[in-house]
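Participant: My questions concern the predicted model and sequence given below.
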Amino acid sequence: AGRITIIDDKAFGGQPIGLAGVRVQCNVFVKFSSTYTDRDGYYKMPRTFSGTPRYRLVFKNSKGFSIGFNSILYPASISTLGTNPASGVSVDVNQNSERKLFRRCAVNNAAYDFLRRCDISDLNLPMPPTNLCFWLFDEMDRSSAIMLHHGTILDTESSNTIFKIVSWVVNFFAPDITLGTRDCKTCAEFYSYVCHEMAHACHFNNVGASYWDEYIQYIGLCALRGQTVYGDGTLEGRGICAVGEMWAYYLQNKMYKERYGGDNPSFGSGYWFHPQILTALEDRGIQTAGIFAALDADVRSKDALRSRLGEMY
């Protein structure tokens, strides 16, 4: 038994918080045992050991999402914790820990927190699709919710342009959310990115794969035309992008503010679709769940979103 924790230096007074819902596995030769940490990071193995087991973290979370490559032997990325006493081991992860371990733990807790906050007593949002698969790229700074594991189609040209990876690799491992973590140094930065992409995953659940295929094609077209990630707002397909990114940046800003306090963050406010419009609507009384209720598959532009919100409120 033990506790796995992580330090988010901008939250909870910098005190260790539990690594939530991660799988802890240990073995001595062919004797294996595994369990999940609870919300506060505590675990207790269902089997006992007399030797000194090898401990590892498997990033397949109890809430259903996974981080890293899925394979036959293991369902997700693994971070080894070494050989430790049979009585258990406790680990405190921080920014000085091994880089892969830290970023996996930071993403794990951010995704877990997002799913927890979808509850009816909090944000009251429908859950993203189950079995979300995250990929983390330390050599990239761009993130996406391409949702390949849930039926979207990524063409070869878009894959090579957006990810600099041959399409068969991306399609074979079928990530849903890719995170470019090159510039992420703190838990707060990871939290911001994860909330944005998980907001997209919620939206995907409302609109379906064919809508999302058009969304992905637009992002790929912007890259092929040499424009910025969302383009300049003139290319065909911009309406879907505007609706999706307004929602994702709005929820990213809201959740970041509520976790870390301080001034209102302004993620995405400089883009042509202006996500701060939704923040202004919330300030005037429309709840988050009320905004999300307008994001149906037939809402495909800012004008359509304005009209739908006007009909509803």
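Facilitator: Looks like it came in fine. Numbering: from 1, shown residues only.

Participant: Need the per-residue pLDDT for the residue nearest to residue 289 when sequence neighbours are not counted.
Facilitator: Distance criterion CB to CB, 6 or more residues apart in numbering; nearest residue to residue 289, sequence neighbours excluded, is residue 124 at 4.1 Å. Where C-beta positions appear, they are placed from N, C-alpha and C, glycine not excepted. At residue 124, the predicted lDDT confidence score is 97.

Participant: Also residue 43?
Facilitator: Residue 43 carries a pLDDT score of 98 in this model.

Participant: give me the number of residues near it?
Facilitator: Neighbours of residue 43 under the rule other CB atoms under 10 Å: 22.

Participant: Tell me the bridge partners for it.
Facilitator: Note on residue 43: beta-bridge partners by DSSP bridges are residue 2.

Participant: now it: how far from residue 57?
Facilitator: Relative to residue 57, residue 43 is positioned 10 Å away (criterion: CB to CB, to the nearest Å).

Participant: who touches both of the two?
Facilitator: With contacts taken as CB atoms under 8 Å, 6 or more residues apart in numbering, residue 43 and residue 57 have 4, 24 as neighbours in common.

Participant: could you pull out the strands for the chain?
Facilitator: All strands of the chain, identified by DSSP state E, fall at 2-7, 16-18, 23-28, 31-36, 42-43, 54-58, 66-67, 78-83, 91-93, 133-137, 144-145, 177-180.

Participant: could these go into TSV alongside distance to residue 255?
Facilitator: Listed next are the strands of the chain as TSV, based on distance: least, CB to CB, whole Å:
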stretch	distance to residue 255
strand 2-7	18
strand 16-18	16
strand 23-28	25
strand 31-36	24
strand 42-43	25
strand 54-58	25
strand 66-67	19
strand 78-83	26
strand 91-93	22
strand 133-137	17
strand 144-145	15
strand 177-180	16
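
Participant: I figured the residue nearest to residue 289 hits residue 291, correct?
Facilitator: No: if you go by CB atoms under 8 Å, residue 124 and residue 291 don't touch, sitting 11.2 Å apart.

Participant: Looking at these two, which is more packed in?
Facilitator: residue 291 (22 against 15).

Participant: Spatially, and excluding backbone neighbours, which residue is closest to that one.
Facilitator: Of all residues apart from its sequence neighbours, residue 278 sits closest to residue 291 (CB to CB, 6+ apart), at 5.7 Å.

Participant: Over to residue 228?
Facilitator: Taking CB to CB, 6+ apart as the measure, residue 228 lies nearest to residue 222, with 6.9 Å between them; neighbours along the chain are not counted.

Participant: contacting residues around that neighbour?
Facilitator: Contacts of residue 222 by CB under 8 Å, 6+ apart are 228, 229, 230, 231, 235.

Participant: ok, so what distance separates the second one from residue 304?
Facilitator: What it means is residue 229. Using CB to CB, one gets 22 Å for the distance from residue 229 to residue 304.
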